[in-house]
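Engineer: got a predicted model here, sequence first, then my questions.
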Amino acid sequence: MKRCPSCKGAGEVGVFVCGSRCECRTIVCDVCGGVGEVTEEKARWILDGRRAIEARRAMGLTTREAATKLGLGLAEFCDMQFGRADPAPLLKAFRIEPTREEPLP
Ligand SMILES: [Zn+2]
């Protein structure tokens, strides 16, 4: 298991939410489910997903535009970007080499 790259092992993440009023809150990390650790495969998905986000931004595409371009559903595309699903199709589409070494501590 690897330390969760999203919450850095804390099991929760700070978010800014706006409802009836705006506030800072901590919520259970949705990447590791509050455990603070993820499998090596999932850690790689998260890192590769981040690189896919950077590549998409560099191309000036919104999430919706990129998903449409690749023929993927928006939810599916989001899951890949945030490491909830294997981002391999995004890496292939954006011509990114998958992460080989493990840069996490
Ligand atoms: Zn986490």
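Structural biologist: Looks like it came in fine. Numbering: from 1, shown residues only.
Engineer: which residues of the chain fall in helices?
Structural biologist: Along the chain, the segments classed as helices by DSSP state H run 40-58, 63-70, 74-81, 88-93.
Engineer: quick one: distance of the second one to the chain centre.
Structural biologist: Taking the mean C-alpha point of helix 63-70 and that of its whole chain, the gap between them comes to 16 Å (CA atoms, centre = their mean, to the nearest Å).
Engineer: go through the helices of the chain and name the closest to the ion.
Structural biologist: Of all these, helix 40-58 sits nearest to the ion, with 9.3 Å by CB to the ion. Every C-beta, even on glycine, is put in place using the N, C-alpha and C of the backbone.
Engineer: how far away from the center of its chain is the closest one?
Structural biologist: 6 Å.
Engineer: if we can go back for a sec, and T99, which of the helices of the chain is closest to it?
Structural biologist: Nearest of the helices of the chain to T99, taken as CB to CB: helix 40-58 at 5.0 Å.
Engineer: show me how this structure divides into domains.
Structural biologist: By the assignment in automatic domain parsing, the chain contains the domains 1-38, 39-98.
Engineer: single out the most deeply packed of those.
Structural biologist: Mean neighbours per residue, mean count of other CB atoms under 10 Å, is largest over the domains of the chain for domain 39-98, with a mean of 17.
Engineer: please see if that domain touches the ion.
Structural biologist: No - Domain 39-98 lies out of reach of the ion by CB under 5 Å from the ion, never closer than 9.3 Å.
Engineer: run through this protein and note the low-pLDDT ranges.
Structural biologist: 101-105 (pLDDT under 70).
Engineer: once you drop chain neighbours, what's closest to R3?
Structural biologist: G9 (4.4 Å; CB to CB, 6 or more residues apart in numbering).
Engineer: let me see the contact set for that neighbour.
Structural biologist: The contact partners of G9, taken as CB atoms under 8 Å, 6 or more residues apart in numbering, are R3, G36, E37.
Engineer: and which of the residues you listed is nearest to the ion?
Structural biologist: Among these, and counting by CB to the ion, the member closest to the ion is G36, at 5.8 Å.
Engineer: my guess is that closest one meets C4, correct?
Structural biologist: Yes - G36 lies in contact with C4 (CB atoms under 8 Å); the separation is 5.4 Å.
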